[in-house]
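>>> Next comes the sequence, and after it the predicted model I'd like to discuss.
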Amino acid sequence: MTTRGKLAAGNWKMNGQGSDLQQIETLRAALDRGEHGECGVLICPPATLLERMARLGGENLALGGQDCHAAQSGAHTGDISAPMLADAGASHVIVGHSERRGDHDEQDADIRAKAEAAHGAGLTAIVCIGETLEEREAGRTLDTLCAQLAGSLPDGASAANTVVAYEPIWAIGTGKVPQGAQIAEVHDRLRSELETRFGEDGAGIRLLYGGSVKASNAAEIFAIDNVDGALVGGASLKADDFLGIIAALA
Ligand code: PEP
């Protein structure tokens, strides 16, 4: 049987300034005390904070970007490449978050190219997929997710370089969470799609759930088969809130 390590990943989005480095200090101190157990812990801050957070150190805290360009360098004003993120101290990068798909019209092929760029720079890509409420209500959840998964993952995806995050768009930042059976149905199907395409490696690719995860609902969500951790937005901004989620995975 394949064993997959747990992962608690925090996405700060466009939040956080220098003063919020105190949250990182608090988090790091708790991790240094071993509060995470065997669970991996990752924070993806705005790119402006990445290097400063990396300088604070902390062997138990990984850092990631929130997006990267598919190219390594060039005339792309305002964008950041995967090698630049690696250079700033990142080991991971989120690609295909629904806010990137929505705000910047990113398509599966774009996300696949970004994931390839991440892999090329030695980063682990956290590839996000998720259905709208309209798609769920029309009974198209699994078809939508399978199409996104197939289109967004490059052929070189492996357990070592890729994590998949299932984030129903209607659950992000809304306080709404799917029923346990709905999460289980999706994660079971995604696992079988990954195994069909990537074989043994597909069994090892971690599947995170994301969407209104809090300390109070984390244990219930993490008890579901094939949920290997969480991608957390709002509740990752405060160290104590995030530590409550981490405790449920530790
Ligand atoms: C997210 O944006 O990835 C997310 C899961 O946000 P929240 O936890 O705030 O719903």
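Sure thing, it's come through.

>>> confidence score at residue 17?
At residue 17, the pLDDT value in this model is 88.

>>> ok, it - how many residues close by?
Using other C-beta atoms under 10 Å, the number of residues around residue 17 comes to 9. Where you see a C-beta, it was placed from the backbone N, CA and C, and this is true even at glycine.

>>> Identify the spatial nearest neighbour of it, chain neighbours not counted.
Leaving out its chain neighbours, the residue that sits closest to residue 17 by C-beta to C-beta, 6 or more residues apart in numbering is residue 49, at 7.8 Å.

>>> That neighbour and residue 18 touch, don't they?
Yes. Residue 49 is in contact with residue 18 according to C-beta atoms under 8 Å; the separation is 7.4 Å.

>>> Out of those two, name the residue with the larger neighbour count.
Ranked by neighbour count (other C-beta under 10 Å), residue 49 and residue 18 place residue 49 first, with 19 against 9.

>>> Just say helix, strand or coil for the closest residue to residue 91 other than its chain neighbours.
Nearest residue to residue 91, sequence neighbours excluded (C-beta to C-beta, 6+ apart): residue 62, at 4.9 Å. Secondary structure assignment for residue 62 (DSSP: H, G, I helix; E, B strand; the rest coil): strand.

>>> distance of residue 62 from the ligand?
Distance, residue 62 to the ligand, using C-beta to the nearest ligand atom, to the nearest Å: 16 Å.

>>> Over to residue 126?
Using C-beta to the nearest ligand atom, residue 126 is found at 10 Å from the ligand.

>>> in a helix, that's where that residue is, yeah?
No. Residue 126 is assigned strand when assessed by three-state DSSP, not a helix.

>>> Would you confirm that it contacts residue 91?
No. Residue 126 lies out of contact with residue 91 (C-beta under 8 Å); the separation is 10.9 Å.

>>> Looking at those two, which is more packed in?
Of the pair residue 126 and residue 91, residue 126 is the one with more neighbours under other C-beta under 10 Å, namely 29 against 15.

>>> check contacts around that one.
9, 64, 92-95, 162-165, 208, 231 (C-beta atoms under 8 Å, 6 or more residues apart in numbering).
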